[in-house]
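Engineer: Here is my input; please provide its structure:
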Amino acid sequence: MGTCSTALPQAAQARPAPQNPVILVVGDSLSAEYGLQRGKGWVALLEERLVQEKVPAQVVNASISGDTTSGGRSRVPALLRQHQPTHVIIELGANDALRGLPLNMTRENLATMARLSREAGARVLLLGMEMPPNYGTRYAQEFRELFSTVAKAEETALVPFFLKNVADTTDPLKLFQSDRIHPNESAQPIMLANVWPELRKMLPKR
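Structural biologist: Residues are numbered from 1 along each chain as shown. Coordinates of the predicted model:
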């Protein structure tokens, strides 16, 4: 007697279930809650926002205070293998500038991180930074522009200035810790507000 087969076609069987987003943040002290109470940084606020927006995403914060683009470049391959992210947020470069590292090295490192992430199947969001005018007008301009150059070349999304409305206000010191370098707790929602619109475009619709 013949049996009734309910097996799905092979193509349908092989189709993987949709994966919930895994957002990997590779950053420095700006994303590692330096000087802040645990859970008050913008990445922690991002996790809360995802819950509010009912986006079933996991956030992996792989940020290290003091990290440079060279450090991030060396860490990214292992992070991609370990976490298999669907999205990668790259927030690095400020420490390169503070140390006076060559801009072409920073540009190359960011491009490599973006390319490796894309090749691993992740969508990339690059967070741009700016340097104060006292670093020199030409240097500040070239540093600012390198982020958009990388984003265009590597086809990534871009937040032009991660600290917009934090470092460029009429009284920016009120949004910084006593070291005048790291944003305080009040600045963290503003930083998230700079990131969220671009990131939301990249996430699945509800």
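Engineer: Next up, phi/psi of the most centrally placed residue in the chain, please.
Structural biologist: In the chain, the centroid-proximal residue (Cα atoms, centre = their mean) is residue 89; its distance is 2.1 Å. Phi and psi for residue 89, reported as degrees, to the nearest 10, are phi -100, psi 120.
Engineer: mind listing what it touches?
Structural biologist: By Cβ atoms under 8 Å, 6 or more residues apart in numbering, residue 89 lies in contact with 23-27, 124-125, 127, 195, 199. (Each C-beta comes from the backbone N, C-alpha and C, glycine too.)
Engineer: my read: residue 50 touches residue 44, true?
Structural biologist: No: with contact defined as Cβ atoms under 8 Å, residue 50 does not count as touching residue 44 (11.0 Å).
Engineer: State the distance from the residue nearest to residue 93 when sequence neighbours are not counted to residue 37.
Structural biologist: Nearest residue to residue 93, sequence neighbours excluded (Cβ to Cβ, 6 or more residues apart in numbering): residue 129, at 5.2 Å. Computed as Cβ to Cβ, to the nearest Å, the residue 129 to residue 37 distance reads 24 Å.
Engineer: neighbour count winner among those two?
Structural biologist: Under the neighbour definition other Cβ atoms under 10 Å, residue 129 and residue 37 were set side by side, and residue 129 has more, 23 against 9.
Engineer: To which secondary structure element type does the more buried one belong?
Structural biologist: coil (DSSP: H, G, I helix; E, B strand; the rest coil).
Engineer: I figured it hits residue 163, correct?
Structural biologist: Yes: at 7.1 Å, residue 129 counts as touching residue 163 under the criterion of Cβ under 8 Å.
Engineer: Assign a three-state SS to the closest residue to residue 31 other than its chain neighbours, would you?
Structural biologist: Leaving aside its sequence neighbours, residue 31 sits nearest to residue 63 (Cβ to Cβ, 6+ apart; 3.8 Å). Following three-state DSSP, residue 63 is assigned to coil.
Engineer: Point out where the protein drops to low pLDDT.
Structural biologist: Low-confidence segments of the chain, defined by pLDDT under 70: 1-18, 206.
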